[in-house]
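# turn this into a structure:
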Amino acid sequence: MEEKRDDLFGRLPNEIICHIISFLPSESALETSLISSRWRGLWNTSLVQRVAIDEVPDAVSEFISHFDKLNPLRHPRRLKLYFGEGSDDLLLASTAANNKLHLDFSTGEKEEYPLRHFDLQLQLKYDQNVQNLLVAHHQPCPSTFYVKTLFLKSVNNVINEAVSSMFSSFQFLEHLKIIECDGLQSFHIESSPKLLSLTNLDCQHLNSLHLRTSKLQSFHYRGFLPRIWPEHHFNLADAMLDFRLGPSYTGFSSSDFDPLLLTIKNAQVLTVCRWTFETLIWPSISPLQAKFMFYKVKELWWIDNEEECYNSDALISFLKLCPVLERLFVTNDPESYCITSTAPTSKIVKSHTKFGRLEVIKMVEHVNDLGTQHVRMGL
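So this is what the prediction gives:
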C-alpha cells in the first residue's frame, strides 16, 4: 500500500506535472529539479508546436505574449516550432532575462541541397500609437515581455520572409544580433531610433549591408568585408570591424569605406585590421593627416598579419592618430588577409602624439604551424 502511495505522482504524465509546477513560486519551481532525475528538467520544459511556415510569426508572438516577467516559470520559456511541408525545419525560440529573445534555426533535420542565396529586409518603424499608449499608462505593465534584445541564428532562404514579418512587431528593440546565416547575401535594416546596437557575425556570403538607422551606438561585424552603406550619419561608441577574411567583392576602393569611416571617427572602443587601415583608411585620411584624428579612442583591438618578423610600423602609425588611448590589444593572425599597398610607416605619419595615457598593452599569442608567435614591438 505504501509503495502505491509513493508512486501516485510518478504515474502522472509530464504535461500534468509541468502544469502543477507552473503554480509554484519561481524559487520553489527551481527546487523541484532536486526531487529526482525525471524532475530535473521539467521546470524548464519546452512547448512543442507544428505549424505552417506562414503561421510562424503568429506562433512566436503568442509564445512571447504568455511569458510573465514576474513569474517566468509559469509558462514554458522555450518553444520548439516545427514548420514546413515535412515538418523537418525547426525553430528553437527561448526567452531570457532582460527581455531577450533567441530565435535559432540551426537545428532540425537538414536536407542536402545547393546553397540558395537570399536577401533579408528588416523594417522596424516608429509607431506613434504605441508610444502614445505608453505615455498614457506611464510605463509598460511590469509583467509584460517586450523584446529589447533579439538573437537571430541561421536564418535561411526558407524562413527569411517569416522573420521579416515578425520583426516589424518588435517596437522596443534596442539590440539586434545576427549570426551564421549561410546564403545571406544582402541585408537591409530600417529601424526606429530605439535600435542602439547591431552585431553581425559569420554570415560568410554577405556582400551588401544597408543601414537605415540614426542612433546606432555599437556595431560589431566579423566576416568578409561587404559593401556597407550607412544611409544616416551616426557616431559609434563601440565599433568592431573584424575584416580579417578580406573583402567580399573585387574592385573595392577607399572611397567605398569613407561613409563607415565617418561613423567610427568618434568611437571609444575600436577593432580594426592592419590591411583595413593600410588599404581603406590611410588613403582617405593622408591628405588630411594634420586634421584627422581618432580623438576619443580609449581601447584599441588591432589585428595584424605578420608571418615572421613582426613589423610594427603600421600599428605605430595608427597609434599616433589616437591621442587618448589607454588600452591596446594586439592579435597577430598570419592567416589574416593582406594586400600590397603604399602604407605609411611610423616615420611618415607627422604626428607627435605621446602615449602618456596608455596603461595596458596586451600582446595576444597566435598559434600556427610554426609554433607560438610572440608579438614584440617598441613604442
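
# hey, where'd the helices end up in the stretch 101-250 of the chain?
Secondary structure of the stretch 101-250 of the chain (DSSP state H, counting those that start in this stretch): helices at 128-137, 160-167.

# out of the ones you listed, name the one with the poorest average pLDDT.
Mean pLDDT is lowest for helix 128-137 out of those, coming in at a mean of 50.

# in the stretch 101-250 of the chain, which spans are strands?
Using DSSP state E, counting those that start in this stretch, the strands of the stretch 101-250 of the chain run over 118-123, 149-153, 175-179, 184-190, 197-201, 208-212, 218-222, 227-230, 238-242.

# dump those into JSON lines; add mean pLDDT as well.
As requested, those are exported to JSON lines (pLDDT from 0 to 100):
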{"stretch": "strand 118-123", "mean pLDDT": "94"}
{"stretch": "strand 149-153", "mean pLDDT": "96"}
{"stretch": "strand 175-179", "mean pLDDT": "97"}
{"stretch": "strand 184-190", "mean pLDDT": "95"}
{"stretch": "strand 197-201", "mean pLDDT": "97"}
{"stretch": "strand 208-212", "mean pLDDT": "95"}
{"stretch": "strand 218-222", "mean pLDDT": "97"}
{"stretch": "strand 227-230", "mean pLDDT": "94"}
{"stretch": "strand 238-242", "mean pLDDT": "97"}
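
# let's have these in CSV, adding mean neighbour count.
(Glycine included, C-beta is placed from N, CA and C.) As requested, those are exported to CSV (neighbours: other CB atoms under 10 Å):
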stretch, mean neighbour count
strand 118-123, 18
strand 149-153, 19
strand 175-179, 20
strand 184-190, 19
strand 197-201, 19
strand 208-212, 18
strand 218-222, 19
strand 227-230, 18
strand 238-242, 21
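
# show me the one of those strands that comes nearest Glu31.
Closest to Glu31 of the strands of the stretch 101-250 of the chain is strand 149-153 (CB to CB; 28.6 Å).

# can you list contacts of the closest one?
By CB atoms under 8 Å, 6 or more residues apart in numbering, the residues outside strand 149-153 that reach it are 98-106, 163, 167, 170, 173-181.

# relative to Ala162, how far out is Glu55?
Distance, Glu55 to Ala162, using CB to CB, to the nearest Å: 9 Å.

# between these two, which one's more packed in?
Set Glu55 next to Ala162 and count neighbours by other CB atoms under 10 Å: Ala162 wins out with 20 against 15.

# checking the nearest residue to that one once chain neighbours are set aside next. Helix, strand or coil?
Excluding its sequence neighbours, the residue lying closest to Ala162 (CB to CB, 6 or more residues apart in numbering) is Val56, at 4.3 Å. The three-state label given to Val56 by DSSP: H, G, I helix; E, B strand; the rest coil is helix.

# dump the residue contacts of Val56.
Val56 neighbours (CB under 8 Å, 6+ apart): 81, 83, 91, 159, 162, 166.

# quick one: average pLDDT of stretch 92-108?
In the prediction, stretch 92-108 has an average pLDDT of 85.

# hmm, who's touching it?
For stretch 92-108, the surrounding residues in contact (CB under 8 Å, 6+ apart) are 60, 63-64, 67, 69, 72, 77-82, 88-91, 145-156, 159, 163, 172, 180.

# okay, and the beta partners of the closest residue to Ala52 other than its chain neighbours?
Distance criterion CB to CB, 6+ apart; nearest residue to Ala52, sequence neighbours excluded, is Phe83 at 6.7 Å. For Phe83, the beta-bridge partners under DSSP bridges are Asp89.

# looks like Phe83 contacts Pro57 (just checking).
No. Using CB atoms under 8 Å, Phe83 makes no contact with Pro57, being 10.7 Å away.

# what about those two, which has more around it?
Using other CB under 10 Å as the criterion, Phe83 and Pro57 rank with Phe83 on top: 24 against 19.

# so His232 versus Leu122, what's the distance?
According to CB to CB, His232 stands 16 Å off from Leu122.

# can you give me the pLDDT of Met293?
On pLDDT, Met293 comes in at 91.

# now swap in Ala29 and tell me
You'll see Ala29 listed with a pLDDT of 64.

# which residues touch the nearest residue to Asp54 once chain neighbours are set aside?
With sequence-adjacent residues excluded and distances taken as CB to CB, 6+ apart, Asp54 is closest to Ala162, at 6.9 Å. Ala162 makes contact with 53-54, 56-57, according to CB under 8 Å, 6+ apart.

# what's the most distant pair in those residues?
Largest separation among those by CB to CB: Ile53 and Pro57, giving 9.8 Å.

# what is the neighbour count of Met166?
Met166 has 20 neighbours, counted by other CB under 10 Å.

# show me the contacts for it.
Met166 makes contact with 56-57, 60-61 under the criterion CB under 8 Å, 6+ apart.

# for the chain, which element, helix or strand, carries the lowest mean pLDDT?
Between all helices and strands in the chain, the lowest mean by mean pLDDT, DSSP states H and E belongs to strand 371-373, at a mean of 37.

# follow-up on the earlier one: among the contacts of Met166, find me the one that's closest to Phe118.
Closest approach between those and Phe118, by CB to CB: Val56, at 15.9 Å.

# how many neighbours does the residue nearest to Asn99 when sequence neighbours are not counted have?
Nearest residue to Asn99 in three dimensions, chain neighbours excluded: Lys148, at 3.9 Å (CB to CB, 6+ apart). Residues lying near Lys148 (other CB under 10 Å) number 16.

# I figured Lys148 hits Phe172, correct?
Yes. Because the distance of 5.6 Å satisfies CB under 8 Å, Lys148 is recorded as touching Phe172.
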